[in-house]
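K.L.:
pasting a predicted model and its sequence here:
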Amino acid sequence: MSKNIDWSNLGFGYIETDKRFVSNYKDGAWDEGALIDDPMVTMSECACVLQYAQTCFEGLKAYTTEDGRIVCFRPDLNAQRMADTCKRLEMPEFPEDRFVQAVVDTVKANADYVPPFGSGATLYIRPYMFGSNAVIGVKPADEYQFRVFTTPVGPYFKGGAKPIVIRVSDFDRAAPHGTGHIKAGLNYAMSLHAIVDAHDKGYAENMYLDAATRTKVEETGGANFIFITKDGKLVTPKSDSILPSITRRSLMVVAEKYLGMTVEHREVYFDEVKDFAECGLCGTAAVISPVGRIDDHGKEICFPSGMDEMGPVTKKLYDTLTGIQMGKIEAPEGWIKEIK
Ligand SMILES: *Cc1c(COP(=O)(O)O)cnc(C)c1O
């Protein structure tokens with residue numbers, strides 16, 4: 001039985017669901033893990049995560065397809081990305097097949113919270129890991145917890161996707177050879193001041209440039225950029241300090257294989273941005289948020305697609321990818337993981 005939730009008015013906030021998956025790492029091995037009821041985490045006051053931020057996470061969504069199946073999108077890539085993140089943070093990898101199984105089991109156990117097809121709402125899935133034992137001298141923890149919880153979230157765009165206004169940030173997100181390419185909480189802690197400041201000044205997001213030269217486009221705090229050229233190519237920035245978005249990687253395939261577009265994954269100079277026809281931010285939460293205007297210290301870049309709706313090519317990309325996700329358009333092999 002679906003829960004009695006007003007799906008279309010849900011926001012993006014935490015709502016506790018019935019079950020969460022927990023597995024503990026101790027003496028060099030992961031235990032078998034279990035689905036539990038208790039949403040609280042208890043650990044040492046000196047846990048490595050609390051003192052030295054040894055933690056990472058993933059994010060994906062489960063949703064109901066048109067024909068009533070509960071599915072999620074490319075969870076194997078989240079498993080892989082978390083394994084890459086763990087290596088960089090000296091954390092033990094949670095085996096990728098077990099990661100996917102934990103996602104499936106947690107969603108199944110909370111199936112009543114998966115919003116119905118057409119509501120625009122989804123069940124957000126948050127796998128994460130942290131160093132849990134006491135560490136005071138700086139070193140990695142010896143004990144870890146891997147957890148997966150779910151929380152229903154509302155449609156990202158209520159009443160259609162309106163283009164947003166963003167600004168070029170004076171803060172940097174990620175250093176060359178740093179941690180910009182991994183999904184770690186530490187990349188978010190230092191972005192909080194920048195986003196609060198951006199919101200205070202009326203901007204929806206920060207565009208971060210490369211920290212070394214401040215000439216190349218990186219990403220926002222939590223989404224990769226896509227640009228459409230005036231002759232209809234998809235251009236998306238390449239850099240070792242950008243987080244490899246699964247949405248962006250999927251859009252590159254959709255553009256090339258479904259829409260016959262030319263795709264360029266390369267360094268993008270900020271100077272070129274004014275010449276693009278359309279701009280969007282891509283990530284799991286919104287799939288694509290259209291950008292209408294970028295403010296660069298008083299200079300404005302206004303995209304020809306305007307402030308009223310998504311640009312036409314962005315819209316095609318959006319419709320095709322969401323069509324694949326919802327089961328209306330045939331998906332490439334392995335993209336849709338059936339849960340129930
Ligand atoms: C999670 C994240 C994204 C989006 O990745 P998806 O896999 O598409 O959800 C982009 N940038 C950053 C910094 C992120 O943490």
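P.N.:
Arrived safely.

K.L.:
for residue 228, give its distance to the ligand.
P.N.:
Counting by C-beta to the nearest ligand atom, to the nearest Å, the separation of residue 228 from the ligand is 18 Å. In short, each C-beta sits where N, CA and C put it, glycine included.

K.L.:
same thing with residue 147?
P.N.:
With C-beta to the nearest ligand atom as the criterion, residue 147 and the ligand are 17 Å apart.

K.L.:
one more: residue 87?
P.N.:
Per C-beta to the nearest ligand atom, residue 87 is found 17 Å from the ligand.

K.L.:
quick check, that residue in a helix?
P.N.:
Yes - Residue 87 forms part of a helix when assessed by DSSP: H, G, I helix; E, B strand; the rest coil.

K.L.:
the stretch 1-150 of the chain against the ligand: which residues are in contact?
P.N.:
residue 59 (C-beta under 6 Å from any ligand atom).

K.L.:
pLDDT weak spots in the stretch 1-150 of the chain?
P.N.:
Confidence mapping of the stretch 1-150 of the chain against pLDDT under 70 gives the ranges 1.

K.L.:
what are the ranges of the helices in it?
P.N.:
If DSSP state H, counting those that start in this stretch is used as the criterion, the helices of the stretch 1-150 of the chain fall at 48-52, 75-88, 96-109.

K.L.:
make CSV from the ones you listed and add mean neighbour count to it.
P.N.:
Shown next, in CSV, are the helices of the stretch 1-150 of the chain (neighbours: other C-beta atoms under 10 Å):
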stretch, mean neighbour count
helix 48-52, 20
helix 75-88, 19
helix 96-109, 20
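
K.L.:
residue 157 contacts residue 286, correct?
P.N.:
Yes - using C-beta atoms under 8 Å, residue 157 is in contact with residue 286, at 6.9 Å.

K.L.:
which one of the helices of the stretch 1-150 of the chain lies closest to residue 191?
P.N.:
helix 75-88 (16.4 Å; C-beta to C-beta).

K.L.:
helix or strand for the nearest residue to residue 276 once chain neighbours are set aside, which one?
P.N.:
Computed as C-beta to C-beta, 6 or more residues apart in numbering, the closest residue to residue 276 that is not its neighbour in sequence is residue 227, at 4.2 Å. Using DSSP states H and E, residue 227 sits in strand 224-228.
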